[in-house]
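**Q** got a sequence here, can you model it:
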Amino acid sequence: MFSTGSSRPKEPLVAENLTVAYPGAPPLLEHISFTAHPGEIIGILGPSGCGKSTLLRHLVGLERPNKGRVFIFGEDLWENDGQNQDIIRRKFGMMYQSGALFGDLDLLENVSLPLKEFTALPKGAIETIARLKLALVGLNGFERASPATLSGGMRKRAAIARAMALDPRLIFLDEPSAGLDPITSSELDKLILTLAKNLSIAFVVVTHELRSVMSMVDRAILLDKKTKGVTDYGTPAYLATRSLNPATSAFFLRQEPPPAQDADES
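**A** Below you'll find the model as predicted:
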């Protein structure tokens, strides 16, 4: 289920009844609730403009929701501020769509950054951990490579390694397959699936790539711009083949959504 039954849930991520809107504008999304369990990959799906990336920004603490709560391992992200909120943020990792690697640093230095900033570990220990994280994503031997010399898939892997630097059990991924060819995308999907199951990491993945959804996502929520919320949810197999929602069928068949019943689509 995507609903919650506790005021202090201990799962990696619980979103409770979120409403998202920008100042002076009507709500973009309303009544968003879902839970991510350990080792589970949750997909946030929907057509362009439905609010996927906006929802992600509110889940990771870059924007404050108008209503609702975000729990990270039982801690209310928005009930805290300042230093306490920073501590909560360190419990999860984030990979941006571009990878956001620092071009003037090699891969080892990029992955070491969170460890240098948020721990008191000695230099040797930091380097060892960074090397291990790069090895986990298949980049052993590339520690001293510059991001500019790597393929898009390798940069995405390095960004995941950096997101794992502090050993989070929750990682957010923003369009991980964007810009990748089908083979590289499939390899990245397999890596994410392996990390989730072997390390019990919960992944929340914003994506519109149906191939990736079908190959690695455990459960998905489908957002809709017209209804301003979750139009459907379930396993990818259910959404693709058994859902009775016309908007869901249209999305998975890559068709135009059915016309709204109400002529006013504002």
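**Q** from here on, just use CA atoms for contacts and neighbour counts.
**A** Fine.
**Q** tell me which residues are up against stretch 75-89.
**A** R8, K10, V60, G61, R64, R69, V70, F71, I72 (C-alpha atoms under 8 Å, 6 or more residues apart in numbering).
**Q** contact partners for the most centrally placed residue in the chain?
**A** By C-alpha atoms, centre = their mean, the chain has its centre lying nearest to F172, at 2.8 Å. Shown in contact with F172 (C-alpha under 8 Å, 6+ apart): F92, G93, M94, M95, F203, V204, V205.
**Q** sorry, back to before: and the contacts of stretch 75-89, which of them are buried?
**A** Neighbour counting by 16 or more other C-alpha atoms under 10 Å classes V60, G61, R64, R69, V70, F71, I72 among these as buried.
**Q** the third one contacts L56, correct?
**A** No. Taking contact to mean C-alpha atoms under 8 Å, the distance of 11.1 Å between R64 and L56 leaves them out of contact.
**Q** which of the contacts of F172 fall within helices?
**A** In helices, judged by DSSP state H, none of these are found.
**Q** most neighbours out of those, which is it?
**A** When neighbours are taken as other C-alpha atoms under 10 Å, the top entry among the contacts of F172 is F203 (30 neighbours).
**Q** need the contact list for that one.
**A** With C-alpha under 8 Å, 6+ apart, F203 has these contacts: A36, G39, E40, I41, I42, L170, I171, F172, L173, A196.
**Q** those: which two are farthest apart?
**A** Of all pairs drawn from these, the one with the longest distance (C-alpha to C-alpha) is G39 and L173, at 14.5 Å.
**Q** settle it for me: which of these two has more neighbours?
**A** Neighbour count, other C-alpha under 10 Å: between G39 and L173, L173 has more, with 24 against 21.
**Q** wasn't A130 part of a helix?
**A** Yes. A130: assigned to a helix according to DSSP: H, G, I helix; E, B strand; the rest coil.
**Q** doesn't S112 make contact with it?
**A** Yes. Using C-alpha under 8 Å, A130 is in contact with S112, at 5.5 Å.
**Q** which one's more surrounded, these two?
**A** More crowded of A130 and S112, by other C-alpha under 10 Å: A130, with 27 against 24.
**Q** quick check: the more buried one vs L166, distance?
**A** Distance of A130 to L166, given as C-alpha to C-alpha, to the nearest Å: 10 Å.
**Q** about what we covered before: farthest pair within the buried ones among the contacts of stretch 75-89?
**A** R64 and I72 (14.6 Å).
**Q** what about this protein, any weak spots by pLDDT?
**A** Along the chain, segments meeting pLDDT under 70 span 1-9, 98-99, 255-266.
**Q** stretch 237-251: which residues count as buried?
**A** Using 16+ other C-alpha under 10 Å as the test for burial, stretch 237-251 gives L239, A240, S243, A247, T248, S249, F251.
**Q** which SS class is the fifth one?
**A** Judged by three-state DSSP, the three-state class of T248 is helix.
**Q** same check on the second one?
**A** Secondary structure for A240, judged by three-state DSSP, is helix.
**Q** so who does the closest residue to it other than its chain neighbours touch?
**A** Closest residue in space to A240, ignoring its immediate chain neighbours: F252 at 5.7 Å, by C-alpha to C-alpha, 6 or more residues apart in numbering. Listed by C-alpha under 8 Å, 6+ apart, the contact partners of F252 are L210, L239, A240.
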